[in-house]
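Visitor: have a look at this prediction, sequence included:
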Amino acid sequence: MNSEWSLDVLYKGYDDPAFKRDLEAADASVKAINDAAARLGEKSPGETISEMIGLYEEQSGIFFRLYSFCGLSQACNTRDEKAAAYLGQLMAKSSANTKARTAFDKYVSSAEDLDAVIAGDPKLTDYGYMLRNVKADSKYLLSEEAEEIISLFDISGGRAWSDLQSSLTSSVTADFRGGKVGLSAIRNKAYDPDPEVRREAYEAELACYDKIKEPVAAALNNIKLQVINECRLRGFASPLDQVLHYSRMKRETLDALFTAMKEYMPMFREYLKAKAEALGHKAGLPWYDLFAPMGSSDRTYTAEDARDYLLNIFAGFDKDLHDMVERAFNESWIDFYPREGKVGGAFCSGLRPLHQSRVLTNFDGSFSDVVTLAHELGHAFHNLNIEDHRPLNNDYSMPVAETASTFNEHVVMDAAIAAAKDPNEKLALIESQLMDTTQIIVDIYSRFLLESGVFDNREESFMFPDKLCEMMKDAQLKAYGDGLDPEYLHPYMWVCKSHYYSSGLSFYNWPYAFGGLFARGLYAKYLAEGPSFVKKYRELLHATPVCSVEDAAAIAGIDVTSPDFWRMSLGSYRSKIDEFKRLAKEVYGNR
């Protein structure tokens with residue numbers, strides 16, 4: 001089993017003749033689409049739309065391979081100059097089709113009786129949801145020239161600022177016990193069993209942000225101003241309204257989610273205060289102990305241990321999931337360990353036409369890292385379940401993006417908790433689950449508050465690092481309340497979280513809460529219905545690229561516009577928190 005992923009399924013390298021052929025094919029596809037866009041209307045609407053979609057299908061395969069190879073190469077080495085250069089070229093090539101895409105979208109939106117056109121061609125029927133969304137999106141389109149300008153300027157604007165944040169956070173080092181440690185590695189020490197290591201790592205992490213805070217603040221300010229200006233030009237009421245529109249989700253659903261979350265915040269603060277008491281803290285939990293392991297948490301896992309553990313658990317849930325996870329480990333889908341120049345965090349990138357995915361982690365051997373692997377492999381399972389859609393039906397909306405990943409976490413964690421007999425072991429597992437859940441509920445809410453505040457303030461002022469740190473701490477206090485020690489917060493979370501740094505995807509925070517609670521509700525149905533539910537679950541995943549959030553949920557009999565569903569999901573943690581409090585007192589006593 002390799003510790004680094006292989007991209008040979010895409011290309012052997014930048015000198016691979018196939019890579020060079022695809023670069024040339026990309027230029028040809030751009031020209032073919034531009035030429036076809038110049039002839040819009042010469043044929044019937046059905047023939048015209050079908051021809052253009054065929055060209056886009058062909059192009060998607062070419063650009064998919066090129067973007068995947070360069071992007072994944074850069075993720076492992078942000079100093080890869082060739083990757084950066086080729087990604088810049090690919091962005092420019094993509095932008096060269098902006099006017100054509102705008103013209104085509106306007107043609108589709110103006111087609112007389114679009115439903116009849118869709119019904120008249122099996123290929124267009126497959127793309128019915130996409131085409132109807134094109135029509136719905138048309139009200140926010142600008143002129144062809146304006147769309148091209150926005151696309152071109154984003155390359156040296158929002159995307160460049162995003163690249164800067166990624167480069168700085170992946171290359172900065174912290175001074176720790178006489179050595180230099182990368183940001184991902186120093187952040188991983190938050191899970192260390194030694195309390196002194198956790199505290200020193202926290203202090204070293206905060207100190208290292210001083211080296212990069214000014215340029216990263218500039219990146220955040222400029223990205224958010226670009227988003228605000230583009231929303232105004234397009235006619236969106238706000239960046240959040242834009243996100244909800246393209247998420248194919250109703251504001252009613254988001255309001256229902258937040259209504260329930262706010263009601264249940266005190267329950268999670270109760271857990272945090274119990275953890276603080278067990279660890280000997282009197283004023284709430286200091287940030288450096290937020291991820292402190294409890295119980296029998298001194299066990300570490302090798303990558304091989306993680307493989308065996310996950311395969312054993314997934315074998316009892318779904319054979320296809322088990323077999324896919326086995327392939328991931330055996331066929332070099334995963335890049336495990338942190339190293340200098342590698343981006344932080346974890347992600348999964350689908351290679352759907354190749355029936356594979358690639359998973360990046362910064363594996364450090366904790367049980368949390370095993371759960372992270374399960375999470376990212378959940379994304380890969382989602383990719384597996386949409387493989388038979390047509391090439392352009394390959395994206396599911398942001399809210400449901402975390403469904404399969406978080407569902408995997410529940411399968412893994414509940415199986416582990418049920419099997420645990422020793423109080424120390426059970427405490428460690430329950431604490432790990434509650435820790436992760438608190439992140440996707442409480443911490444995610446603090447990130448939503450921070451991003452909302454940045455958008456609210458950006459038009460009036462440039463927010464310097466000190467201001468952003470104040471806003472971050474204020475957001476954390478509003479979300480965590482008395483669960484955290486106010487003297488030990490994390491004012492620089494705005495620096496290290498890449499989710500803030502996208503001109504094309506704002507508010508990538510609440511989808512984690514949505515995904516977590518949605519998956520929790522689905523998991524409750526699985527427990528109630530047994531193995532027969534797996535088929536319904538996979539049907540839901542399969543439908544996500546071709547229906548709204550609300551319609552996808554309805555496949556499983558769920559009304560996500562009602563706070564009651566979210567209350568049910570959140571309320572299911574009550575017993576876990578009570579069990580945690582009982583076990584914490586049993587294992588740690590009254591400190």
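Guide: The structure has been received and is ready for your questions.
Visitor: quick check: longest helix of this protein.
Guide: helix 45-76 (DSSP state H).
Visitor: any stretches of the stretch 201-350 of the chain with poor pLDDT?
Guide: For the stretch 201-350 of the chain, applying pLDDT under 70 flags the ranges 297-298.
Visitor: let's see 80
Guide: Scanning the stretch 201-350 of the chain for pLDDT under 80 picks out the ranges 296-299.
Visitor: just the helices from it, written as ranges.
Guide: 213-234, 239-246, 251-278, 303-314, 319-330 (DSSP state H, counting those that start in this stretch).
Visitor: how about residues contacting the first one?
Guide: Contacting residues not belonging to helix 213-234 are listed as 140-142, 146, 150, 154, 157-158, 161-162, 164-165, 168-169, 237-239, 241-242, 454-455, 458-459, 462-465, 468, 492, 494-495, 500-503, 506 [C-beta atoms under 8 Å, 6 or more residues apart in numbering]. Backbone N, C-alpha and C define where each C-beta goes, glycine included.
Visitor: what are the ranges of the helices in the stretch 451-591 of the chain?
Guide: According to DSSP H, counting those that start in this stretch, the helices that the stretch 451-591 of the chain contains are 465-480, 493-496, 510-529, 532-543, 549-555, 563-571, 574-588.
Visitor: average model confidence for the last one?
Guide: In this model, helix 574-588 has an average pLDDT of 95.
Visitor: between it and helix 251-278, how many degrees?
Guide: Between helix 574-588 and helix 251-278, the angle comes out at 10 degrees (axes from the mean of the first three to the mean of the last three C-alpha atoms, to 10 degrees).
Visitor: just checking, what packs against helix 574-588?
Guide: Contacts defined by 3 or more C-beta pairs under 8 Å, 6 or more residues apart in numbering; DSSP states H and E place helix 574-588 against helix 251-278, helix 423-438.
Visitor: next one: the shortest one
Guide: Under the contact criterion of 3+ C-beta pairs under 8 Å, 6+ apart, helix 493-496 touches helix 158-171, helix 213-234, helix 444-458, helix 465-480.
Visitor: which positions in the second one come out as buried?
Guide: Of the residues in helix 213-234, those with enough neighbours to count as buried (16 or more other C-beta atoms under 10 Å) are 213, 216-228, 230-231, 234.
Visitor: please save the CA atoms from it in CSV.
Guide: Only the C-alpha atoms of helix 213-234 are listed here, as CSV (Å, rounded to 0.1, in the frame of the first residue of the first chain):
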residue,chain,number,x,y,z
LYS,A,213,-1.6,37.8,8.5
GLU,A,214,-1.3,40.9,6.4
PRO,A,215,-1.3,39.4,2.9
VAL,A,216,-4.0,36.8,3.9
ALA,A,217,-6.2,39.7,5.2
ALA,A,218,-5.7,41.4,1.9
ALA,A,219,-6.8,38.2,0.1
LEU,A,220,-9.9,37.9,2.2
ASN,A,221,-10.9,41.5,1.8
ASN,A,222,-10.4,41.6,-1.9
ILE,A,223,-12.2,38.3,-2.6
LYS,A,224,-15.2,39.3,-0.6
LEU,A,225,-15.4,42.7,-2.3
GLN,A,226,-15.2,41.1,-5.7
VAL,A,227,-18.1,38.8,-4.7
ILE,A,228,-20.2,41.7,-3.4
ASN,A,229,-19.6,43.7,-6.6
GLU,A,230,-20.5,40.7,-8.8
CYS,A,231,-23.7,40.0,-6.8
ARG,A,232,-24.8,43.6,-7.3
LEU,A,233,-24.1,43.5,-11.0
ARG,A,234,-26.1,40.3,-11.4
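Visitor: surely residue 449 touches residue 475?
Guide: Yes - under the criterion of C-beta atoms under 8 Å, residue 449 makes contact with residue 475 at 3.9 Å.
Visitor: so which of these two has more stuff around it?
Guide: residue 475 (23 against 19; other C-beta atoms under 10 Å).
Visitor: what about residue 515, how many neighbours?
Guide: Around residue 515 there are 25 residues (other C-beta under 10 Å).
Visitor: returning to that earlier point: distance from the chain centre to the longest helix of the chain, please.
Guide: The chain centre lies 22 Å from the centre of helix 45-76; the measure is C-alpha atoms, centre = their mean, to the nearest Å.
Visitor: now the angle from it to helix 158-171?
Guide: 30 degrees.
Visitor: same question for helix 45-76, mean pLDDT?
Guide: On average, helix 45-76 scores 97.
Visitor: packing partners of the very next helix or strand once past it?
Guide: For helix 45-76, the following helix or strand on the C-terminal side (DSSP states H and E) is helix 81-95. Applying 3+ C-beta pairs under 8 Å, 6+ apart, one finds that helix 81-95 makes contact with helix 17-37, helix 45-76, helix 144-156.
Visitor: ok, which of these comes nearest residue 548?
Guide: Residue 548 lies closest to helix 45-76 among the helices and strands packed on helix 81-95, at 21.3 Å (C-beta to C-beta).
Visitor: packing partners of the closest one?
Guide: helix 17-37, helix 81-95, helix 98-110, helix 114-119, helix 122-126, strand 347-351, strand 356-360.
Visitor: for residue 450, give its distance to residue 372.
Guide: Distance of residue 450 to residue 372, computed by C-beta to C-beta, to the nearest Å: 23 Å.
Visitor: what does residue 266 give?
Guide: Taken as C-beta to C-beta, the span from residue 266 to residue 372 is 28 Å.
Visitor: more neighbours, the two?
Guide: More neighbours surround residue 372 than the other of residue 266 and residue 372, with 22 against 11 (other C-beta under 10 Å).
Visitor: and that one, what's its pLDDT?
Guide: At residue 372, pLDDT is 93.
Visitor: number of nearby residues for the closest residue to it other than its chain neighbours?
Guide: For residue 372, ignoring the flanking residues on the chain, the nearest one in space by C-beta to C-beta, 6 or more residues apart in numbering is residue 346 at 5.2 Å. By other C-beta under 10 Å, 19 other residues sit near residue 346.
Visitor: re earlier: residue 566 is nearest to which of the helices and strands packed on helix 45-76?
Guide: The nearest among these, by C-beta to C-beta, is strand 347-351 at 25.5 Å.
Visitor: show me what that closest one is packed against.
Guide: Helices and strands touching strand 347-351, by 3+ C-beta pairs under 8 Å, 6+ apart, are helix 45-76, strand 356-360, helix 367-385.
Visitor: list of residues touching it?
Guide: Contacts for strand 347-351 (C-beta under 8 Å, 6+ apart): 9-10, 68, 71-72, 75, 357-360, 376-377, 379-380, 383, 394, 405.
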